[in-house]
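Peer 1: Kindly generate the corresponding structure for this input.
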Amino acid sequence: QAIDDDCNQTGQLLAAMLDWPQGTFASRVELEDGAVRVQREVDGGLETLRLRLPAVLTADLRLNEPRYATLPNIMKAKKKPMEVIPAADLGVSGGSPRLKVLQVQEPPARAGGEKVENVETLVEKLRQSGRI
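Peer 2: Below you'll find the predicted structure:
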C-alpha cells in the first residue's frame, strides 16, 4: 500500500530522483544477471520489461498470493510483547514532520436533484446556476 494515497506517484518520483529505471505495476518479477525482468499488465495484454539494476519496482496486486493468518496464530501474536526502539537508537534523525494537518472538515451536504422536461430547460437551469 503506497503512502501517496494510491496515486501511483511514490515509485515513479523515487525512480526520477535516483535516475534509476522503473517498472510499475509488476505482476511478475524474475532476477537475471545484473538485471530484472518485469512482466506487467497493460490494456493490450502483457508487457515484459528488462531493466538494469538497481531499479525501482512497484507491485500490482497479482504479484503475490497473500497469506492469511489462522485464528490460533492471531491469538498468539496478541500475547507477544512489542519492542519499541527509538529512532535515535537506530541512527535515524527524527527531525520535524514535513507535513502539518491544518484542518479536517466534511464537505457541505449536497442538495437534492431535480428532473427537467427537456434539454433546453436543463441548459437554462445550468446557466442560471452558473455551471455553464
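Peer 1: Enumerate every residue touching R52.
Peer 2: For R52, the set of contacting residues under the criterion of C-beta atoms under 8 Å, 6 or more residues apart in numbering consists of P21, G34, A35. All C-beta atoms are positioned from the backbone trio N, CA, C, and that covers glycine.
Peer 1: Quick check: next helix or strand after whichever strand or helix holds L46?
Peer 2: L46 is part of strand 45-52 when elements are defined by DSSP states H and E. Moving toward the C-terminus from strand 45-52, the first helix or strand encountered (DSSP H and E) is strand 56-59.
Peer 1: After that following strand, which helix or strand is next? Please name it.
Peer 2: Proceeding N to C from strand 56-59, the next assigned helix or strand is helix 71-79, under DSSP H and E.
Peer 1: Buried ones in the strand holding L46, by neighbour count?
Peer 2: Residues of strand 45-52 classed as buried by neighbour count (16 or more other C-beta atoms under 10 Å): L49, L51.
Peer 1: what mean pLDDT does that strand have?
Peer 2: Mean pLDDT, taken over the full extent of strand 45-52, equals 95.
Peer 1: Neighbouring strands of it in the sheet, and parallel or not?
Peer 2: Listed by DSSP bridges, the sheet partners of strand 45-52 and their directions read strand 35-42 (antiparallel).
Peer 1: If you count neighbours, what's buried in the strand it pairs with?
Peer 2: Counting neighbours by 16+ other C-beta under 10 Å, the buried set in strand 35-42 is V36, V38, Q39, R40.
Peer 1: Sort out which one of these lies nearest V92 for me.
Peer 2: Closest to V92 out of those is V36 (28.1 Å), distances taken as C-beta to C-beta.
Peer 1: What residues does the closest one make contact with?
Peer 2: The contact partners of V36, by C-beta under 8 Å, 6+ apart, come to G23, V29, E30, R50, L51, L53, A55, L57.
Peer 1: got the angle between the biggest strand by length in the chain and strand 35-42?
Peer 2: Among the segments of the chain that qualify as a strand by DSSP state E, the longest is strand 22-32. Our comparison of strand 22-32 with strand 35-42, counting by axes from the mean of the first three to the mean of the last three C-alpha atoms, to 10 degrees, yields an angle of 130 degrees.
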